[in-house]
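[1] Structure for this input, please:
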Amino acid sequence: MTHQKIKAIIFDLDGTLIDSDRDLKIIINKIRKKFFKDKKYLSINEIAKYSSLGGATLIKKTIGSKKKIDFLQIFRNYYLNNDVNINLLFSNIEEFLIYLKKKGLKIYICTNKPKILTQKIVNKTYLKNYITKFFCSDEYKIKKPDKKFLSKIKNELSLKDQEIIFIGDSVIDYKFCDKTLINFFLYLNKRLRYPKKIYLKLQKSNRILYNYKRFEVIKKLISPKKID
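    All right, here's what the predicted structure looks like:
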């Protein structure tokens with residue numbers, strides 16, 4: 001008889017659980033318009049390219065810099081003062097989370113988003129009913145894809161690679177889990193372009209999650225068939 005191997009699922013947040021690019025587009029263009037009147041309006045696809053890289057890089061790439069103005073802090077203040085849009089959660093996620101919880105799995109978030117913003121999103125949505133803990137880069141002083149961040153998480157949870165499924169939407173998430181025994185699944189974010197080699201590799205191994213309604217491969221990992 002086989003025993004359940006998977007004990008935890010770790011999700012990325014932005015682009016994986018929530019469609020944060022829609023909010024980012026509004027905030028970033030508001031700041032650009034206020035401080036740089038000559039700068040053109042950025043599309044959601046232009047912003048999505050940088051949303052997984054952390055706030056500092058996102059601001060540098062989409063807003064730029066201006067002497068004595070802390071655009072990152074301005075951006076975070078906008079984010080904190082905005083109400084959380086529960087419609088940003090991707091479709092069918094709650095059904096997936098219910099399934100995972102019924103199977104007794106612990107559910108975590110690992111993100112480069114600051115803890116204060118992550119906490120706000122979790123607490124204001126149904127995610128609070130399912131997420132056991134979230135690991136944020138600012139709290140751990142290290143960012144994805146640095147594997148030291150991953151080691152700290154595994155040590156804290158006392159888990160082996162084979163006991164974890166990681167679901168993320170970006171190349172950053174892929175690199176975070178690459179060359180480990182973690183079961184990585186790519187949630188297909190249609191705004192992002194993936195290197196062909198990585199995409200084909202994941203497609204061949206059936207590790208692409210096209211939506212949260214169909215997750216048969218994950219079910220097989222969580223509940224393997226019994227062998228007499």
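
[2] Just to check, residue 46 is in contact with residue 62?
    Yes - between residue 46 and residue 62 there is a contact at 7.5 Å, judged by C-beta atoms under 8 Å. Quick note: C-beta positions are derived from backbone N, CA and C, even for glycine.

[3] Point out where the chain drops to low pLDDT.
    Within the chain, the stretches with pLDDT under 70 are 1-4, 225-228.

[4] Which stretches in it count as helices?
    Secondary structure of the chain by DSSP state H: the helices cover 21-35, 44-48, 55-62, 71-81, 93-102, 115-124, 137-140, 147-157, 171-177, 196-204, 216-222.

[5] of all the ones you listed, which lies closest to residue 12?
    When those are compared by C-beta to C-beta, helix 171-177 sits nearest residue 12, at 5.1 Å.

[6] So the protein: which segments form each domain?
    8-18+89-222, 21-81 (automatic domain parsing).

[7] quick one: the shortest one to chain centroid distance?
    Read that as domain 21-81. Relative to its chain's centre, domain 21-81 lies at 19 Å (C-alpha atoms, centre = their mean, to the nearest Å).

[8] Would you mind measuring the gap between the ends of that domain?
    Its start and end residues considered, domain 21-81 measures 17 Å (C-alpha to C-alpha, to the nearest Å).

[9] is it true that residue 130 touches residue 99?
    No - using C-beta under 8 Å, residue 130 makes no contact with residue 99, being 10.5 Å away.

[10] Leaving out chain neighbours, which residue sits closest to residue 164?
    Among residues not flanking residue 164 along the chain, residue 182 sits closest, at 4.9 Å (C-beta to C-beta, 6 or more residues apart in numbering).

[11] That neighbour: neighbour count?
    20 (other C-beta atoms under 10 Å).

[12] In contact with it, which residues are there?
    Residue 182 makes contact with 150, 161-162, 164-166, according to C-beta atoms under 8 Å, 6 or more residues apart in numbering.

[13] How about the backbone phi and psi for the residue nearest the centre of the chain?
    Against the mean C-alpha coordinate of the chain, by C-alpha atoms, centre = their mean, the closest residue is residue 12 at 2.2 Å. Dihedral angles of residue 12 (phi, psi; degrees, to the nearest 10) stand at phi -70, psi 170.

[14] got a list of what it touches?
    Residues counted as contacts of residue 12 (C-beta under 8 Å, 6+ apart) are 52, 109-111, 144, 166-170, 173, 187.

[15] In a markdown table, list these along with distance to residue 19 and neighbour count.
    Shown next, in a markdown table, are the contacts of residue 12 (distance: C-beta to C-beta, whole Å; neighbours: other C-beta atoms under 10 Å):
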| residue | distance to residue 19 | neighbour count |
| --- | --- | --- |
| 52 | 13 | 28 |
| 109 | 15 | 22 |
| 110 | 18 | 24 |
| 111 | 14 | 27 |
| 144 | 19 | 23 |
| 166 | 19 | 25 |
| 167 | 15 | 23 |
| 168 | 14 | 29 |
| 169 | 10 | 28 |
| 170 | 14 | 25 |
| 173 | 16 | 26 |
| 187 | 11 | 20 |
